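Enquirer: coords please:
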Amino acid sequence: MRTLHVVTHPEATHHIDDLVGGHFDSALTPAGERAATLIAQALKDAIPDPDPSRAELYSSDLTRTRQTAEVIGAALGLPPVLDPRLREKSYGEAEGRPQQWLDRQFVPPPAEGDRLNHHEGIEGSETRGDVGRRVYPLMDEILRRSAEHQIIVTHGFTLTIVVAAWLGVPLEGASRLAFPVRSGSITTLREDDFYHNRALVRLGDDHHLGEAKG
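Expert: Modelled structure (predicted):
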């Protein structure tokens, strides 16, 4: 049985400052740091014996995800593997600017047509397809490994692409998918040993956060 635990980082400074995230390298807030501890405890409860030979921890290399992964790694005795392919979608020149600035410039995707490679009108930003073309190969690498438990610490938008890759959805088919979850949530994905079917067991579970949800 293989289980993937996909964590979205908890509250970061760009959230409370109402700034565009993406590759903007914000850090966890004090509330986010407390939430990271709660996430780590929830994962420790879910993985009672995190033997490094049977468990792995991967993370985006941005500060807010790295900090989250370090707390998880310390609790479970797992060294985080940092990979920039797990970063959030880049918003180019909008990153670090007020969210209202992005909202004024943003060109929404069409209802029909090439949604995957639709450019949102922001200089230097990634398309959904750009994110998929870095996340899908990484997921292939992770899933070729035989660890019983694999933890992935990433971002809200990127989580959708991670789940789509896990479910075997062709990248073109991911052009319409959205799995909105709370910051600091844990999504559980499982593959059985007999049929090798892959299931979305829990999406965006945040009960571990309790009063820290915010």
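Enquirer: Any stretches of this structure with poor pLDDT?
Expert: Low-confidence segments of the chain, defined by pLDDT under 70: 211-214.
Enquirer: That one: helices as residue ranges?
Expert: Per DSSP state H, the chain carries helices over the ranges 13-16, 30-46, 63-76, 99-105, 128-143, 156-167.
Enquirer: Not counting its neighbours along the chain, what's nearest the most centrally placed residue in the chain?
Expert: In the chain, the residue lying closest to the centroid (C-alpha atoms, centre = their mean) is residue 154, at 2.7 Å. Setting aside the residues directly before and after it, residue 154 is nearest to residue 86 in space (C-beta to C-beta, 6 or more residues apart in numbering), at 4.7 Å. No exception for glycine: its C-beta is placed from N, CA and C like everyone else's.
Enquirer: Quick check: the one you found touching residue 68?
Expert: No - with contacts counted by C-beta atoms under 8 Å, residue 86 stays clear of residue 68, the gap being 11.6 Å.
Enquirer: gap between stretch 78-85 and the chain center?
Expert: Stretch 78-85 sits 12 Å away from the centroid of its parent chain (C-alpha atoms, centre = their mean, to the nearest Å).
Enquirer: Buried residues in that stretch, which are they?
Expert: For stretch 78-85, a neighbour-count test (16 or more other C-beta atoms under 10 Å) marks 78, 80, 82, 83, 85 as buried.
Enquirer: and what of stretch 187-205?
Expert: The neighbour-count check on stretch 187-205 (16+ other C-beta under 10 Å) flags 187, 188, 189, 190, 198, 203, 204, 205 as buried.
Enquirer: And stretch 66-82, by the same measure?
Expert: Of all the residues in stretch 66-82, those buried under the rule 16+ other C-beta under 10 Å are 66-73, 75-76, 78, 80, 82.
Enquirer: okay if I get the residues you listed as a markdown table plus distance to residue 194?
Expert: Formatted as a markdown table, the buried residues of stretch 66-82 follow (distance: C-beta to C-beta, whole Å):
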| residue | distance to residue 194 |
| --- | --- |
| 66 | 37 |
| 67 | 38 |
| 68 | 33 |
| 69 | 32 |
| 70 | 36 |
| 71 | 35 |
| 72 | 30 |
| 73 | 31 |
| 75 | 31 |
| 76 | 27 |
| 78 | 27 |
| 80 | 31 |
| 82 | 34 |
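Enquirer: Residues contacting stretch 166-173, please?
Expert: Stretch 166-173 is touched from outside by 4, 116, 129, 132-133, 136, 139, 143, 164, 177, 189, 198, 200, with contacts defined as C-beta atoms under 8 Å, 6 or more residues apart in numbering.
Enquirer: and with 6 Å instead?
Expert: Applying C-beta atoms under 6 Å, 6 or more residues apart in numbering, the contact partners of stretch 166-173 are 116, 132, 136, 189, 198.
Enquirer: With stretch 178-196 instead?
Expert: Stretch 178-196 is contacted from outside by 1-8, 10-11, 35, 160, 163, 166, 198-199, 201-206, 209, using C-beta under 6 Å, 6+ apart.
Enquirer: do the same with stretch 134-143
Expert: Residues outside stretch 134-143 that contact it (C-beta under 6 Å, 6+ apart) are 85, 161, 165, 171.
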